[in-house]
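**Q** Provided below are the primary sequence and the corresponding predicted coordinates.
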Amino acid sequence: MDNNRNMVLAIVLSALVLFGWTFVSDRYFPTANPPATKVVDGKQVPVPSATGSPVPQGPAALRERAAVLAEAPRVKIETPALKGSINLKGARIDDLTLTRYRETIAKNSPPIRLLSPAGAKESYLAGFGWTGQGLVAPTADTVWTASAPALTPESPVTLSWDNAQGQRFDINLSVDKDYMFTVRQTVTNTGAGAVAAQPFGFVSRQGVFKDPDSWTIHIGPMGVFNGAANYDINFSNVDEAGNNGVKNASKGGWLGFTDKYWLTALVPDQAANINGTFRVGSDKNYQADFTGEPQIVQPGKALSTTSRFFAGAKEVSVLDRYEDDLGIRQFDRGIDWGWFYWFEKPIFYLLDWLFRVFGNFGVAIIGLTLIIRLLMFPIAQKQFKSMAGMRVVQPKMKALQERYKDDKPRLQQEMLKLYQQEKINPLAGCLPILLQIPIFYALYKVLLLTIEMRHQPFALWIKDLSAPDPMTPVNLFGLLPFTPPSMIALGVLPILLGISMWLQFKLNPAPADPVQQQVFGIMPWVFMFIMAPFAAGLQLYWLTNNILSIGQQKWLYSRHPALSQAEAK
């Protein structure tokens, strides 16, 4: 009767863990990127890119992007990392693709489109200008004159416009080989009286991002104000602020919109005082903008201000370089590293170095696991010795439990004496697990956030280690014509992970409590379902770690045969 009750209790506890974790992970811990491949008729094929505009939908009268791009004169953008154009009507940077990255792993997959013109699907653009009392400044309908037909890292372009009332406006644009535009705005006053000019910059996008904002990863409006990164602003905050917008006064800093892998950021002069604002207009057009301090331009004088605009992939080394070389404070916080920033970046640097050494990201993860195991070897040895000691004293513990089953306080005293006599610590096995938690979480964040890990293959059917294992026996590895729900779509890696955990538990001493025994007996298979939706790279790390733990424990028994002999007795 007691055994049946214990079994039922263990199953209930396991179900609570399984379904409770599903709720927690959906809300706080996004598990992995969308699958990069699927199995059809037993063959692995790339998953097509997602289509459709962001949520909520934009204006009904959307037009084809090519038609919108052809409506106004343009200056080409050509760099090793970017391709697109600048709209001379309004001086807008509104056409940009990232040539280093593709939407899917398919060979013919188009490059990632970041910016798109107003009137087209998923409008996303940036611009710079002036405002000022009594100043006849250029508008969104102003057509500018370009000094060259193309903007490249070797050839800057100057956009010019004269208001025929005594002021000339120039925007000198240059771009590096990665993702940073430098924008030098100049107002020249050739009129008879002084004018006030206030420079501004903005980045505007239509609708919210497809990827959800969560506790683990911030997606949406963000910025660094007065030297502190602000992840507390989201689209709903901007909606609630209405016409006033969400305002932040700052010296220097930057602001924009962050996606999981992509970032647009306005970077004003880092010594200037600015007002940064996030606001929303009609049709859910969200805008991040900054304005500088107004300045008087006397007749015959010119006023120039320099700012920057980042539009590209959140490559760690690139963000770090801009922070160091350009003095942009906390620019690397465009990646939401979170509380364990100090620990996650070293894990990333080591993993990235191993990847460059081996040329395979899966091998790099295995190498990282080996390095961690070597560093923790002395602690693990103490853990295994303690566990082996626990196995040796199991018969004595059971005898004490039988003798003092009706006297719990006396049982606790006698078990404590037994631990002291045998020189074992039942809590010693917890330390390596506690140390593994920050490592596991750091690797989870690295796989989830860093673009360097996106679409990285390992071997055989693993084409993207940042996505779940796509091969599942539930549909006979794609031979059956249906896609199982993610809850039961167990890939090969999580199944092997569950088996390795079961073997590892078998080598450890069984808990004295019957309920704990039942829970530990079911837990490997529950954990198998929990880990199934996570990135294959994370599964590979845990599986490798379990295999090394089993091998290390076997090695310990071979070095200390007395433990095995005592256990057998």
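**A** Sure, I can see it.
**Q** just checking, what packs against the helix or strand harbouring residue 286?
**A** Using DSSP states H and E, residue 286 maps to strand 285-291. Applying 3 or more Cβ pairs under 8 Å, 6 or more residues apart in numbering; DSSP states H and E, we find strand 285-291 packed against strand 195-206, strand 220-225, strand 254-258, strand 262-267, strand 273-280. Just so you know, the C-beta spots here come from the backbone N, C-alpha and C atoms, and that holds for glycine as well.
**Q** Residue 368: what's its closest spatial neighbour, skipping adjacent residues?
**A** residue 351 (5.4 Å; Cβ to Cβ, 6 or more residues apart in numbering).
**Q** next SSE after the helix or strand hosting that neighbour?
**A** Following DSSP H and E, one finds residue 351 within helix 341-358. Following helix 341-358 in sequence order, the next helix or strand is helix 361-375 (DSSP H and E).
**Q** buried set for stretch 139-147?
**A** 142, 144, 146 (16 or more other Cβ atoms under 10 Å).
**Q** Give me the contacts around that stretch.
**A** Applying Cβ atoms under 8 Å, 6 or more residues apart in numbering, the contact partners of stretch 139-147 are 72-73, 75, 86, 88-92, 127, 138, 157-161, 171.
**Q** repeat that for 6 Å
**A** 75, 88, 89, 90, 91, 157, 158, 159, 160, 161 (Cβ atoms under 6 Å, 6 or more residues apart in numbering).
**Q** top of those by neighbour count?
**A** Neighbour counts for those, by other Cβ atoms under 10 Å, peak at residue 91, which reaches 27 neighbours.
**Q** Hmm, it is touching residue 159, no?
**A** Yes. Counting by Cβ atoms under 6 Å, residue 91 does reach residue 159; the two are 5.2 Å apart.
**Q** tally of neighbours for residue 502?
**A** Residue 502, neighbours per other Cβ under 10 Å, totals 17.
**Q** Enumerate every residue touching it.
**A** Taking Cβ under 6 Å, 6+ apart, one finds residue 524 in contact with residue 502.
**Q** Quickly note the distance from it to residue 473.
**A** 17 Å (Cβ to Cβ, to the nearest Å).
**Q** next one: residue 166
**A** From residue 166 to residue 473 the distance is 77 Å (Cβ to Cβ).
**Q** Check residue 230 too.
**A** Counting by Cβ to Cβ - residue 230 and residue 473 are separated by 46 Å.
**Q** more neighbours, those two?
**A** Of the pair residue 230 and residue 473, residue 230 is the one with more neighbours under other Cβ under 10 Å, namely 19 against 13.
**Q** Without its sequence neighbours, what residue ends up closest to that one?
**A** Per Cβ to Cβ, 6+ apart, closest to residue 230 is residue 223, 5.6 Å.
**Q** For the chain, which residues score under the pLDDT cut-off?
**A** Low-confidence segments of the chain (pLDDT under 70): 1-61, 213, 380, 382-391, 422-435, 475-482, 485-487, 508-517, 519-520, 560-569.
**Q** Pick out the residue closest to the middle of it.
**A** Per Cα atoms, centre = their mean, the C-alpha nearest to the average position across the chain is that of residue 449, at 1.9 Å.
**Q** wait, what's in contact with that residue?
**A** residue 335.
**Q** repeat for the one 5 residues further on
**A** Under the criterion of Cβ under 6 Å, 6+ apart, the neighbours of residue 454 are residue 466.
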